[in-house]
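Participant: no letters, just coordinates:
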DNA sequence: AATTTGCGAAACCAATTAGTTGCATTTAAA
DNA sequence: TTTAAATGCAACTAATTGGTTTCGCAAATT
């Protein structure tokens, strides 16, 4: 049972759930209405998202509102960070080239 | 055969390949040395990464150097963008609260 | 008290995945 | 020209995944 954020966001339904929940906390039933699957299937996705701490359950009577853990989302951003330095440094090198061209004009 | 960037980066080996290649283009053999699997297995990962355009193959004699397509990596960043506005706006709301508190002191 | 509603868990199933071994092909080297 | 190296591809296998149906439980509603 590999359960990490990257495996969690690999599924398109789970990504959609995250986007929906980002706007507003929602119950499994409310979420299921947005998809062409059963509530139980959505529930399983919610379980997976909960297990890797991307969302948390807030019990309210017999309803359960799932809300986004925005800080966990930042971990994906964190992984991208190492590539960001690369794509920025490539821009920097382009800058250098442009500057050299300018100088030689 | 669902083949998108999110499914591609779901596998830890593929993520590691991306990081290695980010530093420097590499051949399948060179890459395989970093993992506890066969070269063929690495080759399949490279195929998947190639199919979703995260890497490209540069033939050089009988060797094939795979290099990162940094622009494709930005698509992940693009998806995160919608959440980034949220986590920034939450900071803003916190700012508002702090400001109100200050005013009422 | 009986019923309905909202939910998760278990059992099952088809499809996908990641790995292996065993090839075939192309290029360099002896 | 024979041989070795670098690679991709196909067939097979075990594990995982995402879905469904059925069930049980707890909280509202009647």
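Facilitator: Everything's here; your move. Every value quoted in this text rests on a predicted model; they were computed, and no experiment measured them.
Participant: contacts, neighbours, all on C-alpha from now
Facilitator: Fine.
Participant: what's near enough to touch residue A:80?
Facilitator: Neighbour list for residue A:80: residue B:77 [criterion: Cα atoms under 8 Å, 6 or more residues apart in numbering or on different chains].
Participant: and it, that's in a helix?
Facilitator: Yes. With DSSP: H, G, I helix; E, B strand; the rest coil as the criterion, residue A:80 is part of a helix.
Participant: return the residues in contact with the most centrally placed residue in chain A.
Facilitator: What sits nearest the mean C-alpha location of chain A, by Cα atoms, centre = their mean, is residue A:73, with 5.1 Å. Going by Cα under 8 Å, 6+ apart, residue A:73 touches A:54, B:83.
Participant: show me where chain A has its strands.
Facilitator: With DSSP state E as the criterion, chain A has strands at A:55-60, A:63-68.
Participant: any chance of those strands in CSV, plus mean pLDDT and mean neighbour count?
Facilitator: What follows is those, written out as CSV (pLDDT from 0 to 100; neighbours: other Cα atoms under 10 Å in any protein chain shown):
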stretch, mean pLDDT, mean neighbour count
strand A:55-60, 97, 16
strand A:63-68, 98, 20
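Participant: which one of these lies nearest to residue B:7?
Facilitator: strand A:55-60 (20.0 Å; Cα to Cα).
Participant: that closest one to strand A:63-68, inter-axis angle?
Facilitator: 150 degrees (axes from the mean of the first three to the mean of the last three Cα atoms, to 10 degrees).
Participant: hey, what's the closest residue to residue A:49 other than its chain neighbours bridged with?
Facilitator: Spatially, and ignoring its direct neighbours in sequence, residue A:49 is nearest to residue A:55 (5.9 Å; Cα to Cα, 6 or more residues apart in numbering or on different chains). With DSSP bridges as the criterion, residue A:55 is bridged to residue A:68.
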